[in-house]
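Engineer: Using only what follows, build the 3D model:
(2 chains)
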Amino acid sequence: MKNFIRIIFLILSFIGHQFNSYAAEKVEYLKTDWSFKGPFGKFDRAALQRGYQVYNEVCSSCHSMKYLSYRNLTQTGGPEFSEAQAKAIAASFEVKDGPNADGEMFLRPGRLSDKFVMPYENEKAAQAANGGAYPPDMTVLVKARGGGVDYIYSLLQGYEDPPTGVSLDDGVYYNKFMYGNKIKMSNQLSDGLVEYSDGTNATVEQMAKDVTTFLMWTAEPHLETRHRMGFKAIVYLIILTILVYFSMKKIWSRIETEV
Amino acid sequence: MSEHEYIPKSKVGKWFNDRLPLLTLANHLTDYPTPKNLNYWWTFGGILTFCLITQIVTGLVLAMHYIAHADMAFESVEHIMRDVNYGWLIRYIHANGASMFFLAVYIHIFRSLFYGSYKSPREIIWIIGIIIYLLMMAAAFLGYVLPWGQMSFWGATVITNLFSAIPLVGEGIVTWLWGGYSVDNPTLTRFFTLHYLIPFLILGLVVLHIWALHVPGNNNPIGIDIKKPSKDTVPFHPYIVIKDGFALLMFMIVFAFFVFYTPNILGHADNYIEANPLVTPAHIVPEWYLLPFYAILRSVPDKLLGVIAMLSAIFILAALPWLDTSKIRSAVFRPLFRQFYWILVADVLILGYVGAMPAEGLYLLIARIATAYYFIHFLVILPVLGFKERTIPVPLSITEPILGGSPNLATAKNKDSLINQ
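Structural biologist: I've put the predicted structure just below:
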């Protein structure tokens, strides 16, 4: 039994190790304490609301959020805006609807059931407006990057002057955390760029952390439920395992002392 | 099937059983005499059955919400993750379930390799097992394509392109597989259909696998033929059922840990980017469970020979009952084989590691050496070892060494320490 567990553990740790080595570039990302990490991790509600504000005021002019609806903003485990707040947010956007009875497309204020309005009509328009680079959709962005939240958090703060010898084309910027260091997005964050309604000091670090938290939620909207359920499921399984273990001992004691 | 004829107690039961002997079958399954010394490595058969059923049930629910269309597949997966009630849970169980399935099957296969479970009279069980394993790989690959992320698309492109290595008809076969001139919507729809079909083929083969197992009965850690039923056996129920159940629960704890706390660690980040035929990812890597074969494929400079090497690495296993010339089944009594066995385990793990790395420089060199060793193990070491090796005397029964009076008492008592030398 002991050997069995030891070998299983070795195999698992080997597999785990392999997966960490998947992120090929060994860059040290900036670290911060994420409230949603760990088995009991939860989102910081205020950070999610601030993060939405940063997304809305800064990122959303180029980056779409196409799998998210305005109604999600009220959902438990998310930013938990009140329904009135979320309705007001939705109504501040113009949504193309139709065709109406006359066969015309028309604009109307957004509703909770609408998906987030896209900054561009289509991918080609987005590329045309951004020097050929498509600003990726942000809904699942943190899951689509090897370093996850740490990568996004670092990237937003990773702009610096290129080292001597590195020449950059027009519209290309130097970022020490970007793969290949060249990025078509310019530095977006600067101290005091947004004015947080809760009075938090909008430093670059603070905004980077808030918006990354928000992006983690958009990628994993059910993270809190998952963590809660996981804890219950595992505790249940452990108790059941212990009970079954003693039943097994009892049953096998009829013929063998060791199982 | 069973030694004694089973007669149901009730009249209705007897009437039914005379027409369809389901009760006889149930009785056979519960009474099935099982060696009493089976260790925890033997619990993975039951665990694998659980994995298969989990995949089928979760897959069924996913198929209700998934849309097999190149323009909608990625979005429908996000719909499952966000809007379907507990869709995230079902999808994460299914995605991690594939990894857990392979983890269990590798343990199951390496258990057979250690205890010589593939040897006469169990060759057919073994070969059916290899076919199941092949189908599992096909199902896993097809399933990985369905979310239509970048790794899905490019993985499908790389793997289907392997067929182009076949002389003369290769290109034609690839076009036929794709249903067009590139991986596109027709490819996705047929992959979905096949992904739905294969688990049921596996299920059928699992029935045959178990049927074939119930003819000679289980092998056991000391690898001797035992009388059934006898002092060496226990009825399957309750002894093995509870032991399998206990092991399954421990397995489920590990499974649950992945599903609830690190659901994406076994996947690749690029698969959360929607498929784009115009952008190739920096590194195209298959899922972890296919990495050793990927390493073998890439270690051969020629494409056709690479494909042949990769396929041979799997098919060579089917010939194993005849490649291993030793009459002794269990490695417990084969000291030299035991050492080569652990070298093989290390070799396969190394292949898996280099499979995840870029095929260049030192990694390529290691991959080549490890590939060569893999084949040498099966083609040279095993056949020769059977003739050359000095084995430890095998006890006559399972109970004999335990009851004492046997010269092999020490061997049996220390078998755990022997195994892990």
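
Engineer: Show me which residues of the stretch 201-350 of chain B sit near chain A.
Structural biologist: For the stretch 201-350 of chain B, the contact set with chain A under Cβ under 8 Å from any Cβ of the partner chain comprises B:234, B:238-239, B:242-243, B:245-246, B:249-250, B:252-254, B:256-257, B:259-261, B:263-266, B:268-270, B:272-273, B:282-283, B:285, B:288, B:291, B:349. Backbone N, C-alpha and C define where each C-beta goes, glycine included.

Engineer: What sits closest to residue 126 if chain neighbours are left out?
Structural biologist: Looking at chain A here, since you left the chain open. Setting aside the residues directly before and after it, A:A126 is nearest to A:Y120 in space (Cβ to Cβ, 6 or more residues apart in numbering or on different chains), at 4.0 Å.

Engineer: wait, chain B
Structural biologist: B:Y118 (3.8 Å).

Engineer: you'd agree the one you found is up against B:S112?
Structural biologist: Yes. B:Y118 lies in contact with B:S112 (Cβ atoms under 8 Å); the separation is 5.5 Å.

Engineer: which stretch of helix or strand covers the spatially most central residue of chain B?
Structural biologist: By Cα atoms, centre = their mean, chain B has its centre lying nearest to B:V105, at 3.0 Å. Per DSSP states H and E: B:V105 is located in helix B:87-115.

Engineer: Name the next helix or strand downstream of that helix, please.
Structural biologist: Toward the C-terminus, helix B:87-115 is succeeded by helix B:123-145 as the next helix or strand (DSSP H and E).

Engineer: And the residue of chain B closest to chain A?
Structural biologist: Closest contact between chain B and chain A, by Cβ to the nearest Cβ, is at B:F260 (2.5 Å).

Engineer: For that residue, give me its contacts.
Structural biologist: Residues counted as contacts of B:F260 (Cβ atoms under 8 Å, 6 or more residues apart in numbering or on different chains) are A:P39, A:R226, A:H227, A:M229, A:G230, A:F231, A:A233, A:I234, B:Y92.

Engineer: element containing it?
Structural biologist: Here B:F260, judged by DSSP H and E, is contained in helix B:241-261.

Engineer: With only the CA atoms kept, save that helix in CSV.
Structural biologist: Only the C-alpha atoms of helix B:241-261 are listed here, as CSV (Å, rounded to 0.1, in the frame of the first residue of the first chain):
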residue,chain,number,x,y,z
VAL,B,241,-16.0,-5.1,-4.8
ILE,B,242,-15.2,-3.3,-1.6
LYS,B,243,-11.5,-3.2,-2.3
ASP,B,244,-12.1,-1.8,-5.8
GLY,B,245,-14.6,0.6,-4.3
PHE,B,246,-12.0,1.9,-1.8
ALA,B,247,-9.4,2.4,-4.5
LEU,B,248,-11.9,4.1,-6.8
LEU,B,249,-12.8,6.6,-4.1
MET,B,250,-9.1,7.5,-3.6
PHE,B,251,-8.9,7.9,-7.4
MET,B,252,-11.9,10.1,-7.3
ILE,B,253,-10.3,12.4,-4.7
VAL,B,254,-7.4,13.0,-7.1
PHE,B,255,-9.9,13.4,-10.0
ALA,B,256,-12.0,15.9,-8.0
PHE,B,257,-8.9,17.9,-7.1
PHE,B,258,-8.1,18.4,-10.8
VAL,B,259,-11.7,19.2,-11.7
PHE,B,260,-12.3,21.7,-9.0
TYR,B,261,-9.0,23.3,-8.3
